[in-house]
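Colleague: sequence first, then the predicted structure:
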Amino acid sequence: MTDLSGVGSTPLSGVGTARWYRPGTLELPDRPDPGSVDPEAERARFEEARDEARAGIERAREQAADRVGEDEAAVFEAHAQFLDDPQLVGDIEDAIAEETTAEHAVADRFADAIEQFEAMDGRMAERADDLRDVRDRLLRALLDVDIIDLADLPAGTVLLAERLTPSDTAGLDPDAVAAVATVTGGRTSHAAIIARSLAIPAVVGVGEALHDVPEGAAVLVDGEAGRVVVDPTDDQRAGAGGVDAPVVEGRVSTADGREIEVAANVGSRAELDPASARGADGVGLFRTEFLFLDREGPPDEDEQYEAVTAALSAFPDDRVVVRTLDVGGDKSVPYFDTPEETNPFLGQRGIRLSLAAHGNLFETQLRALLRAGAGEDGDGLAVMFPLVSQVEEVEAALARVESVAAGLASEGVDHAVPQMGAMVETPAATDVADALAERLDFLSIGTNDLTQYVMAADRENDAVADCHDPLHPAVLRAIDRTVSAAEGTDAWVGMCGEMAGDPALTELLVGLGLDELSMSAVTVLAVKERVTGTDTAEARELADAALACETREEVRVVLGLE
C-alpha cells in the first residue's frame, strides 16, 4: 500500500481504477525560414482561431452552467477575457508581424504569460491553468487538432493527471469518474471548484510521486483528508463513501446544543434531488437566473411558478430561499434593453435592475413567487433581493410585493407573502444592516460579492486574485458587523457564499454567530460533521481572535491554516 498526500479539494472519497490522462504537448511544425511567412495571412489565421476558440469557450460555459450552475460556469468568462486581452493579443500580433507563424506566436507569448503567473503566489499561480486552457484551444484550432473528450471514461475511473484545465473538468461524467488526483493545482483553482460542484472527490497538488501510480492500479482518493492511497485495504475501501456517503438526517446542533441550518445552493431544477439526497436542510440559495439565460425571451409566470414549486416539493419540510433575478455584472441577458456600462459590476445589477429597468419582469416573478407561497409546500418559501445597498431599495421592493399581492387578491388568485430577506453583498449593506433587519425576516451574506466590493477587487480579474480573500480582516469584520446588527431583531442571518462550504471555516462561522450556512451540496455532510463537533463558546473565542488580526496571514495562523 502506498499513501500519498496532497490538498483535498472535495470533502468526499472515492475508490476505483487508475487511468492516466496524458494529453501530451501539441506538436508545432518547424519554425519557418525568415521571409517565407505572410504576416497578413498569419494574422487572418490567428483571428479565425480566436473565433473558433471563443465559440468553444461559450459551448463549455453553457455545458458547465447546465451541470454545475451559472456561478461556477463564470470561470469561462475569464477565459474569454484572456482571449481578448489587449496586451496578450497585441504581443501575438507583434510576433506575427516579425514573420513568425500564428501557432508559434501563440505558443511563445502564452508561454511568457504562463511563466509570469506561475511566479506569483496563491490564486494567481493557479490561474496559469486557465491560460493553458485558452492556449490549447487556440493551438488546436490553428493545427486542426480535435479536442480530447473525457466524457466517455469507463465507470469506476480514478482519473490521474499532471493537471486538469477547467474545460477538462467540466466535461467529466460524475457517474463514471469515481475520483480525481493531480500532480499540480490548488484548492481554489477553477478546475478544483468545478470538481466540487460536480461532487467528484478530488485531491490536487500531490506532487511528482503521483507519477509512480501505475495505470490500472486500485486507488482510493480521500478528498477531505487530502490522501491518495494505492492498493487500499478492504477496510479502507469500505470507508470510501464517495457520492453515496451516508447523510446526516435532519438539522444538526453544536456540541452545546445550538442549532445551525446547513442548506444547499441550487442553480437549476436538476440540482434539487442531489441536494436532498446529501442531507441538505433545504435550499439557502435558489438561483433563478437559469430560467432567464440562454433563451430569446423571458420565462412567463407559469414557468417560474413551476420551477419554484418543484424546489418546494423537493424540500417539503424545509425552507427554500429563492433569490430574485440577479443579472448584470458578469451575467448579461441579450433581450434586456440595457445600455452598455463602463463598469457593469457597479451598475444596474441585482435589485437595481429589477426595480429600475425591468419592472414588469420583476412583477411577473413576484406573482409566481406569491402564488407558490400559497401552494401545498409554500410555508417553506422565503424570497431575497440581491445586491441591496440602500434601505430605500428594500422599501421599494417590499412595496412592489404589496402591490402584487393586492393585484392577485383582486383577481381571486390564491397567494401568500413569504418570508422576505436581502442579500448582504456590499459594504453599504453591512453598514445599514440594522435598518434592513428591522424591515426584513432575514439577511443572507453573499461572501463572493461582499469580498469583491470590500476589497475593491474584481473576482474575475486574475491580476487582483490574491486580494479577493474572504479571510481578510476587513471582510470578517463586515460579516461580524452584519450579524451583530441583526441582534435584538427577529431576523435570522445566513451565509451563501463559497466560504460557507469550507469545513475548515465552520468553527469560525459558528463563532461569528451565523444561523444558517448554505453551500454546494457536496460539502453539506462535511460541514454538518464540523458543526456537531463545535463548541459555541470556543468558536466565539476563535472568531474574536480572528477579528483582532490585522492581516489575512495572521487570520490563517489563528485558524490553523498555515
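Modeller: Sure, I can see it. Residues are numbered from 1 along each chain as shown.
Colleague: helix, strand or coil for the nearest residue to residue 442 once chain neighbours are set aside?
Modeller: With sequence-adjacent residues excluded and distances taken as Cβ to Cβ, 6 or more residues apart in numbering, residue 442 is closest to residue 421, at 3.9 Å. C-beta coordinates here come from the backbone N, C-alpha and C atoms, glycine included. Put simply, residue 421 is strand when judged by DSSP: H, G, I helix; E, B strand; the rest coil.
Colleague: residue 421 bridge partners, please.
Modeller: When bridges are called by DSSP bridges, residue 421 pairs up with residue 384, residue 442.
Colleague: gap between it and residue 562?
Modeller: 35 Å (Cβ to Cβ, to the nearest Å).
Colleague: show me the shaky parts of the stretch 351-500 of the chain.
Modeller: 357-359, 459-463, 465 (pLDDT under 70).
Colleague: and the helices in it?
Modeller: Assigned by DSSP state H, counting those that start in this stretch, the helices in the stretch 351-500 of the chain fall at 351-356, 359-373, 391-411, 427-431, 433-439, 447-454, 473-486.
Colleague: turn those into JSON lines, including distance to residue 193 and mean neighbour count.
Modeller: Listed next are these as JSON lines, based on distance: least, Cβ to Cβ, whole Å; neighbours: other Cβ atoms under 10 Å:
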{"stretch": "helix 351-356", "distance to residue 193": "26", "mean neighbour count": "21"}
{"stretch": "helix 359-373", "distance to residue 193": "28", "mean neighbour count": "21"}
{"stretch": "helix 391-411", "distance to residue 193": "30", "mean neighbour count": "15"}
{"stretch": "helix 427-431", "distance to residue 193": "25", "mean neighbour count": "19"}
{"stretch": "helix 433-439", "distance to residue 193": "28", "mean neighbour count": "20"}
{"stretch": "helix 447-454", "distance to residue 193": "11", "mean neighbour count": "22"}
{"stretch": "helix 473-486", "distance to residue 193": "19", "mean neighbour count": "20"}
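Colleague: can I get these in CSV with distance to residue 50?
Modeller: Shown next, in CSV, are these (distance: least, Cβ to Cβ, whole Å):
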stretch, distance to residue 50
helix 351-356, 31
helix 359-373, 34
helix 391-411, 40
helix 427-431, 38
helix 433-439, 45
helix 447-454, 28
helix 473-486, 37
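Colleague: so for residue 26, which of those helices sits nearest?
Modeller: Residue 26 lies closest to helix 447-454 among the helices of the stretch 351-500 of the chain, at 34.4 Å (Cβ to Cβ).
Colleague: hey, C-alpha coordinates of that closest one in PDB?
Modeller: Output in PDB follows, covering the C-alpha atoms of helix 447-454 (Å, rounded to 0.1, in the frame of the first residue of the first chain):
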ATOM      1  CA  THR A 447     -19.400  36.400   0.600                       C
ATOM      2  CA  ASN A 448     -18.300  36.100  -3.000                       C
ATOM      3  CA  ASP A 449     -19.500  39.600  -3.900                       C
ATOM      4  CA  LEU A 450     -19.000  41.000  -0.500                       C
ATOM      5  CA  THR A 451     -15.300  40.200  -0.700                       C
ATOM      6  CA  GLN A 452     -15.200  41.700  -4.100                       C
ATOM      7  CA  TYR A 453     -16.700  45.000  -3.000                       C
ATOM      8  CA  VAL A 454     -15.000  45.300   0.400                       C
END
